[in-house]
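quick one, what's the 3D model for this:
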Amino acid sequence: MAKDNADVIVVGAGVFGLLTARELHRAGLKVMLVDSGQPGREASRASAGILSPLYPWRAPGPIQALAHWSQQYYPVLADDMRRETGLDPELTNSGMLVFDEAELQVAKAWARYSARPLDFLDESQLLACEPGLAGSPRDAAVFLPTVAHIHSSRFMRALTESIYSQGIPIREDTRVEKLLVENGKVTGIKTSLGELSTGRVVIAAGAWSGEVLEASELALDVRPVRGQIIQFDGPPGLLSRILLADGMYILPRRNGRMLVGSTLEDVGFDKGITREAAETLKDMAVSIMPALAGLPVQRQWSGLRPSTTDQMPYIGRHPDIEGLFFNTGHYRHGMTTAPASARLLADILREEVPILDPTAYRVGR
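Next comes the predicted model:
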């Protein structure tokens with residue numbers, strides 16, 4: 001067994017692993033991250049970075065709770081990243097226009113219940129704030145002015161640099177082969193580069209979380225769901241707000257790039273991209289915003305979301321194995337809920353009063 005033991009080993013260096021390690025390190029624990037590839041290279045970096053459930057009134061209460069806590073914390077986190085690394089994660093309070101008019105009444109009820117601002121814009125108001133919508137058949141929208149987004153790849157670069165700068169080791173390109181357990185207690189992990197000793201392990205490996213446990217004859221209800229995104233390059237200012245219609249979104253970056261996504265595909269661990277998805281996303285985008293019709297698709301990529309059967313994440317301890325914890329299975333709400341999930345897991349692991357009621361996220365529910 002390796003002598004460089006840690007208080008906690010976090011398996012997975014995506015947004016959940018990195019933020020969990022950050023929280024535990026700030027609490028004074030010696031933390032190590034282990035990842036089969038490079039930090040922040042999978043679903044975290046592929047995310048569009050919308051910091052809200054797409055239709056927040058549809059999201060279950062426990063998801064809304066994680067999202068709300070995270071939304072309040074993101075400005076602090078973005079400032080921390082800029083101060084610690086000099087990198088700007090481009091947290092942008094753009095607001096979001098939702099074109100599904102059938103959602104209006106339930107959206108209004110949600111806004112009253114949750115005390116969130118919400119407006120209804122008619123055609124003239126829409127064109128006044130987004131001239132690029134001229135010619136669109138969508139003539140009214142619900143406007144959520146407080147919905148923000150973050151530049152996922154920049155945020156992940158900044159977060160990774162922050163982790164390194166704090167002296168938290170990351171074992172890259174290191175595959176976890178087995179969880180080591182004796183008498184019902186975690187004693188470490190066996191990796192492709194040797195064994196590592198610890199009394200606590202956090203599984204935060206996203207869509208691969210279930211695979212990490214298979215060799216230890218443990219099961220976890222997490223499966224991959226592929227999402228594909230395309231990118232248009234337009235002039236800065238062509239679009240200022242997130243647009244959402246029929247479950248698909250258009251998201252503007254500060255430099256004029258616009259992301260359109262995303263698909264939901266049950267194709268296992270296939271991270272490939274398809275022409276069919278690109279055409280579907282482009283047609284949808286042009287139907288919402290005709291100004292995109294003359295712009296070519298400049299880029300296309302995919303990511304694998306970790307989904308559970310009830311689409312609720314696992315945040316907490318294993319019911320039978322002492323020292324085994326989980327922070328995974330967040331499906332489409334990964335970047336949206338990551339800060340709260342990391343803090344909640346850290347609270348549970350340290351046996352502190354949790355920021356939120358953890359019951360809905362318990363493992364083995």
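
does the closest residue to Glu265 other than its chain neighbours belong to a helix, a strand or coil?
Among residues not flanking Glu265 along the chain, Arg226 sits closest, at 4.1 Å (C-beta to C-beta, 6 or more residues apart in numbering). In short, each C-beta sits where N, CA and C put it, glycine included. Following DSSP: H, G, I helix; E, B strand; the rest coil, Arg226 is assigned to strand.

per-residue pLDDT of Asp4, please?
If you check Asp4, the pLDDT there is 56.

hmm, I typed the wrong one, I wanted Pro137.
Predicted confidence (pLDDT) for Pro137: 86.

cool, and Ala205?
At Ala205, pLDDT is 96.

if I look at it, how far off is Ile242?
29 Å (C-beta to C-beta, to the nearest Å).

compare the two (neighbour count), which wins?
Legend: neighbour count by other C-beta atoms under 10 Å for Ala205 and Ile242, higher for Ala205 (29 against 24).

if you drop the residues flanking it in sequence, what lies closest to that one?
Of all residues not flanking Ala205 in the chain, Gly12 sits nearest, at 3.6 Å (C-beta to C-beta, 6+ apart).

burial count for the closest residue to Gly303 other than its chain neighbours?
Spatially, and ignoring its direct neighbours in sequence, Gly303 is nearest to Ala46 (2.8 Å; C-beta to C-beta, 6+ apart). The number of residues packed near Ala46 is 24, by other C-beta under 10 Å.

my guess is Ala46 meets Trp301, correct?
Yes - assessed by C-beta atoms under 8 Å, Ala46 is found in contact with Trp301 at 5.9 Å.

overlap of the contact sets of these two?
Ile229 (C-beta atoms under 8 Å, 6 or more residues apart in numbering).

so for the helix or strand containing Asp283, what's the average pLDDT?
In this structure, Asp283 is located in helix 275-288 according to DSSP states H and E. Averaging pLDDT along helix 275-288 yields 96.

still on that earlier bit, give the contact list for the residue nearest to Ala205.
Contacts of Gly12 by C-beta under 8 Å, 6+ apart are Leu33, Val34, Asp35, Ile203, Ala204, Ala205, Gly206, Trp208, Ser209, Val212, Thr328.

so which of those comes closest to Asp310?
Within those, proximity to Asp310 (C-beta to C-beta) peaks at Thr328, which comes in at 13.9 Å.

pLDDT wise, what is that closest one at?
Reading off the model, Thr328 has pLDDT 97.

which helices and strands does the lowest-mean-pLDDT helix or strand in the chain pack with?
One helix or strand of the chain scores below all others by mean pLDDT, DSSP states H and E: helix 43-46, with a mean of 83. The contact analysis (3 or more C-beta pairs under 8 Å, 6 or more residues apart in numbering; DSSP states H and E) places helix 43-46 against helix 152-165, strand 297-307, helix 334-349.

at which residues are the strands of the stretch 151-300 of the chain located?
Counting by DSSP state E, counting those that start in this stretch, one finds strands in the stretch 151-300 of the chain at the ranges 170-171, 176-182, 185-191, 194-197, 201-203, 223-233, 242-245, 248-252, 257-261, 297-307.

would CSV of these with distance to Lys282 be doable?
Formatted as CSV, those follow (distance: least, C-beta to C-beta, whole Å):
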stretch, distance to Lys282
strand 170-171, 37
strand 176-182, 39
strand 185-191, 42
strand 194-197, 46
strand 201-203, 37
strand 223-233, 6
strand 242-245, 14
strand 248-252, 11
strand 257-261, 7
strand 297-307, 6
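
tell me the most buried of the ones you listed?
strand 201-203 (a mean of 29; mean count of other C-beta atoms under 10 Å).

sheet-wise, list the partners of that strand with their directions.
strand 8-11 (parallel), strand 324-328 (parallel) (DSSP bridges).

buried set for the longest one?
It refers to strand 324-328. Leu324, Phe325, Phe326, Asn327, Thr328 (16 or more other C-beta atoms under 10 Å).

contact partners of stretch 16-29?
With C-beta under 8 Å, 6+ apart, stretch 16-29 has contacts from 7-8, 10-11, 31, 33, 35, 39-40, 44, 156, 159-160, 162-163, 166, 168, 202, 204-206, 327-328, 330, 334, 338-339, 341-343, 345-346, 349-350.

now find how far off-centre that stretch is within its chain.
Centroid separation for stretch 16-29 versus its chain: 17 Å, with C-alpha atoms, centre = their mean, to the nearest Å.

in it, what counts as buried?
For stretch 16-29, using 16+ other C-beta under 10 Å, the buried residues are Phe16, Gly17, Leu18, Leu19, Thr20, Ala21, Arg22, Glu23, Leu24, His25, Leu29.
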